[in-house]
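Peer 1: sequence first, then the predicted structure:
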Amino acid sequence: MANSSETPGVIAPPPLIALAAVVLGLALDWLLPANPLRVVLGLPGRLALGGLLMASGLGLAIVAERAFHRIGTNVAPWKPALGLAAIGPYAHTRNPMYLGLALFVAGLGIALGSLWVLAMLVPAALVMHYGVVRREERYLEQRFGEDYRRFKVAVPRYGWRM
């Protein structure tokens, strides 16, 4: 196992953070049902919109993972980065796998008609931002220096300029 200076030191695997949001959202659905999505959007509409978001998120994450494999770096954020991905979706956003994960969870929440799953995306996104993304950015800047600083200037963190 790599020592902490060789890895970003993320607080948890990103899929686990997303899973926690889904599980907590479904538990809240059971405890405190909130069904406005089921009223506003019928089952066919929820399945179509949710399915589109899930497929988009999954597709984005898969293409991003393949970019990591193409450059020969580790996908798991608890392993050392061996290269800086700036190809494929990484030319448009620095975090396509995490965006894909968020789209997938949002789609699942919509498909299930779960307002709570959607609501749990907010704390999950905050945990992901501060506990994963910001730590990765510090690590990558330390590891790749000026190359990463140029990449940060050229490519927005989440696919849009703020």
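Peer 2: Received it, and whenever you're ready, just let me know what you need. Numbering: from 1, shown residues only.

Peer 1: so residue 123: helix, strand or coil?
Peer 2: Using DSSP: H, G, I helix; E, B strand; the rest coil, the structure places residue 123 in helix.

Peer 1: and the closest residue to it other than its chain neighbours, what does it touch?
Peer 2: In this structure, residue 123 finds its nearest non-sequential neighbour in residue 21, 7.3 Å apart by C-beta to C-beta, 6 or more residues apart in numbering. C-betas here are computed from N, CA, C, even on glycine. Residues in contact with residue 21 (C-beta atoms under 8 Å, 6 or more residues apart in numbering) are 105, 117, 120-121, 123-124.

Peer 1: can I get those residues in CSV including neighbour count?
Peer 2: Compiled in CSV, the contacts of residue 21 are given as follows (neighbours: other C-beta atoms under 10 Å):
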residue, neighbour count
105, 25
117, 26
120, 23
121, 20
123, 13
124, 23
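
Peer 1: format the residues you listed as TSV; extra columns: distance to residue 150.
Peer 2: Output for the contacts of residue 21, formatted as TSV (distance: C-beta to C-beta, whole Å):
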residue	distance to residue 150
105	32
117	38
120	36
121	31
123	33
124	30
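
Peer 1: pick out whichever of these sits closest to residue 13.
Peer 2: Taking C-beta to C-beta as the measure, residue 13 lies nearest residue 124 of those, at 12.7 Å.

Peer 1: quick check, pLDDT for the nearest residue to the closest one once chain neighbours are set aside.
Peer 2: In space, residue 124 comes closest to residue 21 once its chain neighbours are excluded; the distance is 3.7 Å by C-beta to C-beta, 6+ apart. Here the pLDDT value assigned to residue 21 is 98.

Peer 1: do you know how far residue 21 is from residue 69?
Peer 2: For residue 21, the distance to residue 69 equals 27 Å [C-beta to C-beta, to the nearest Å].

Peer 1: what sits against residue 99?
Peer 2: Counting by C-beta under 8 Å, 6+ apart, residue 99 makes contact with 57, 60, 93, 158-159.

Peer 1: brain fart, residue 71
Peer 2: By C-beta under 8 Å, 6+ apart, residue 71 lies in contact with 82-85, 87.

Peer 1: pick the one among those residues closest to residue 16.
Peer 2: Among those, and counting by C-beta to C-beta, the member closest to residue 16 is residue 85, at 21.8 Å.

Peer 1: the closest one: what secondary structure?
Peer 2: Classification of residue 85 by three-state DSSP places it in coil.
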